[in-house]
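Participant: whatever this is, show me its structure:
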Amino acid sequence: MLVPRGSITPVAETSTRDQVLEAARSLGPEFTREDVAKRLGVEVSVMRPSWKAAKESGELEQVRKDDSQRYFALATH
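Facilitator: The predicted structure is shown next:
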C-alpha cells in the first residue's frame, strides 16, 4: 500500500522489496532512499533490508551523487 503524495501516515512497520520497487516506480526517473521511504510512509531504517534486496538484485542503481545525497533509478535490463 502506498501513501498518497504529501502524506506521511505510517502504513507498516516493515516493507517488502516489491513495495520498495512499486514506490520507486511511482516517483519518476530519479529518486532518493528518503523519497521512497516517505512514499511508503516508513522510516529509511525500516525499509533498509528491502532496499538492500532490491539493489543487490540489480533492480535499483545509483545514478548520481550530489554532496551527501545519492540518487537512484530503476535499472533497465
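
Participant: am I right that Tyr71 sits in a strand?
Facilitator: Yes. Using DSSP: H, G, I helix; E, B strand; the rest coil, the secondary structure at Tyr71 is a strand.

Participant: counting neighbours, what do you get for it?
Facilitator: 15 (other C-beta atoms under 10 Å). Just so you know, the C-beta spots here come from the backbone N, C-alpha and C atoms, and that holds for glycine as well.

Participant: next one: phi and psi at the residue lying farthest from the centre of the chain?
Facilitator: Farthest-out residue of the chain from its mean C-alpha position, per C-alpha atoms, centre = their mean: Asp67, at 19.3 Å. With angles defined as degrees, to the nearest 10, Asp67 sits at phi 50, psi -110.

Participant: shift numbering so it begins at 43
Facilitator: Let's use 43 as the start, then, which means that last one is Asp109.

Participant: quick one: it and Thr74, what's the gap?
Facilitator: 12 Å (C-beta to C-beta, to the nearest Å).

Participant: what helix or strand is the residue positioned nearest the centre of the chain on?
Facilitator: Nearest to the geometric centre of the chain sits Val78, at 3.2 Å (C-alpha atoms, centre = their mean). Element membership of Val78, judged by DSSP states H and E, is helix 75-82.

Participant: helices or strands next to that helix in the packing?
Facilitator: Packing partners of helix 75-82 (3 or more C-beta pairs under 8 Å, 6 or more residues apart in numbering; DSSP states H and E): helix 59-69, helix 86-98.
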